[in-house]
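Participant: Next come a sequence and a model predicted from it.
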Amino acid sequence: MKFGTLYSYWGNEWQCDYFQTANKIAQLGFDIMEIGAGHLLTMSDEQLEHFKEFTRDLGLTITCNIGPAKEKDVASIDEDTRNAGVQFLSAIMKAMDKIDSRTLVGVLYTYWPNDFTDLDKPAIWARGVQSVRKLGHVAEHHNIEMCLEVVNRFETHILNTCAEAMQFCDEVDNPNVIILLDTFHMNIEEDHMASAIYRAGKRLGELHVGEGNRKLPGEGSLPWSEIGKALQDINFHKGIVMEPFYLTGGQVGKDIKVWRDLSEGASREEMDARLSRSLKFLKHRFAVKD
Ligand SMILES: [Mn+2]
């Protein structure tokens, strides 16, 4: 298993200095930095090349995360919007190939967060399958795994459980279209953490980890030993990526709905220390065989 974290931990805006952040994440002992996929489209080929070399020299694997806006919804009732969504995610995968990033994760099958104005789930689902099938061919071309993120009922009505994601992937029927499970969302929707992981099995392409309130693993009450054992049992050796959210304000605070300072006024050093502590905790729990 490889361990990573989302880049946005230290700030409350989705933009950041990726070079500085990559240094920090590598220093703290992570193997993976997960970045905002859309940012790749603002970079020139030269910048992409520089970023690729910089992160390769740090020994970091880059994964890319996106929740497309409503204007880029691949499952929209409007054909132009669907096409715009397919174009957008295809352009991202093309840029990912240039930085040697092989994993795209997020709500790739519709838009995020959902506003629940269109509740015709079967129709949205069917259009999503059609679009993701097209994207699967692009993913194959660029040697990228698309991991469809299963999220809770307050963020979408399309894929809320691993069982639904398995059905969706069956319908798409492309080996490069697989699943991302996230313990924060699973805690709301799944009966048991382990059974969802067993159900995903070989289709689990990445796991997002966070406590029930999106704090770092080890700071809450989720069953990390049970999760670790399930990962061992399915022989999982892909990315375990933390997605901690502590800070209020900015676009991150608004999108993630952080309405109080979960860090309780922590300094930057204290924020670093709790990230290191969580990494150590997870490595310990996930290596335990029973
Ligand atoms: Mn997630």
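Facilitator: In hand now; what should we look at?
Participant: Does the strand or helix carrying residue 104 reach the ion?
Facilitator: Secondary structure from DSSP states H and E places residue 104 in strand 103-106. No. On the criterion CB under 5 Å from the ion, strand 103-106 is out of touch with the ion, staying 7.5 Å away. From N, CA and C alone the C-beta is placed, and that goes for glycine too.
Participant: helix or strand right after that strand?
Facilitator: The helix or strand immediately downstream of strand 103-106 is helix 121-141, counting by DSSP H and E.
Participant: Work out the gap between that following helix and the centre of the chain.
Facilitator: Centre-to-centre, helix 121-141 and its host chain are 18 Å apart (CA atoms, centre = their mean, to the nearest Å).
Participant: mind listing what residue 217 touches?
Facilitator: Residues counted as contacts of residue 217 (CB atoms under 8 Å, 6 or more residues apart in numbering) are 183, 209-211, 224, 242, 278, 281-282, 285.
Participant: Render the CA-only coordinates of stretch 10-25 in CSV, please.
Facilitator: Only the C-alpha atoms of stretch 10-25 are listed here, as CSV (Å, rounded to 0.1, in the frame of the first residue of the first chain):
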residue,chain,number,x,y,z
TRP,A,10,-2.8,23.7,5.0
GLY,A,11,-5.2,26.2,3.4
ASN,A,12,-8.8,27.0,2.7
GLU,A,13,-8.6,27.7,-1.0
TRP,A,14,-8.3,25.1,-3.7
GLN,A,15,-5.3,26.9,-5.3
CYS,A,16,-1.9,26.3,-3.8
ASP,A,17,1.8,26.3,-4.6
TYR,A,18,2.2,22.7,-5.7
PHE,A,19,6.0,22.8,-5.6
GLN,A,20,6.1,23.9,-2.0
THR,A,21,3.3,21.5,-1.0
ALA,A,22,5.0,18.6,-2.8
ASN,A,23,8.2,19.3,-0.8
LYS,A,24,6.3,19.3,2.4
ILE,A,25,4.3,16.2,1.7
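Participant: buried set for that stretch?
Facilitator: Of all the residues in stretch 10-25, those buried under the rule 16 or more other CB atoms under 10 Å are 12, 16, 18, 21-25.
Participant: Now do the helices in this protein.
Facilitator: Here the chain has its helices, by DSSP state H, at 18-27, 45-57, 79-98, 121-141, 162-172, 183-189, 193-200, 224-233, 250-256, 268-287.
Participant: Tell me which of those helices sits nearest to the ion.
Facilitator: When the helices of the chain are compared by CB to the ion, helix 183-189 sits nearest the ion, at 6.6 Å.
Participant: and the contacts of residue 217, which are buried?
Facilitator: The neighbour-count test (16+ other CB under 10 Å) marks 183, 209-211, 224, 242, 278, 282, 285 as buried among these.
Participant: Now for the closest residue to residue 185 other than its chain neighbours, how many residues are close by?
Facilitator: Spatial nearest neighbour of residue 185, chain neighbours left out: residue 152 (4.4 Å); criterion: CB to CB, 6 or more residues apart in numbering. By the criterion of other CB atoms under 10 Å, residue 152 has 16 neighbours.
Participant: for residue 218, same thing?
Facilitator: Look at residue 218: counted by other CB under 10 Å, it has 18 neighbours.
Participant: Would you confirm that it contacts residue 278?
Facilitator: Yes. With contact defined as CB atoms under 8 Å, residue 218 counts as touching residue 278 (5.1 Å).
Participant: How about the residues of the stretch 51-200 of the chain by the ion?
Facilitator: Proximity of the stretch 51-200 of the chain to the ion, by CB under 5 Å from the ion, involves residues residue 182.
Participant: in the stretch 1-150 of the chain, what residue is nearest the ion?
Facilitator: Closest point on the stretch 1-150 of the chain to the ion, by CB to the ion, is residue 149, at 5.6 Å.
Participant: list the contacts for that residue?
Facilitator: Residues near residue 149 by CB under 8 Å, 6+ apart: 105-108, 159, 180, 182, 185, 208.
Participant: now, the most widely separated pair of those?
Facilitator: The distance between the two most remote of the contacts of residue 149 (CB to CB) is 15.0 Å, for 108 and 185.
Participant: Between the two, point out the one with more neighbours.
Facilitator: Taking neighbours as other CB under 10 Å, residue 108 and residue 185 compare with residue 108 leading, 27 against 24.
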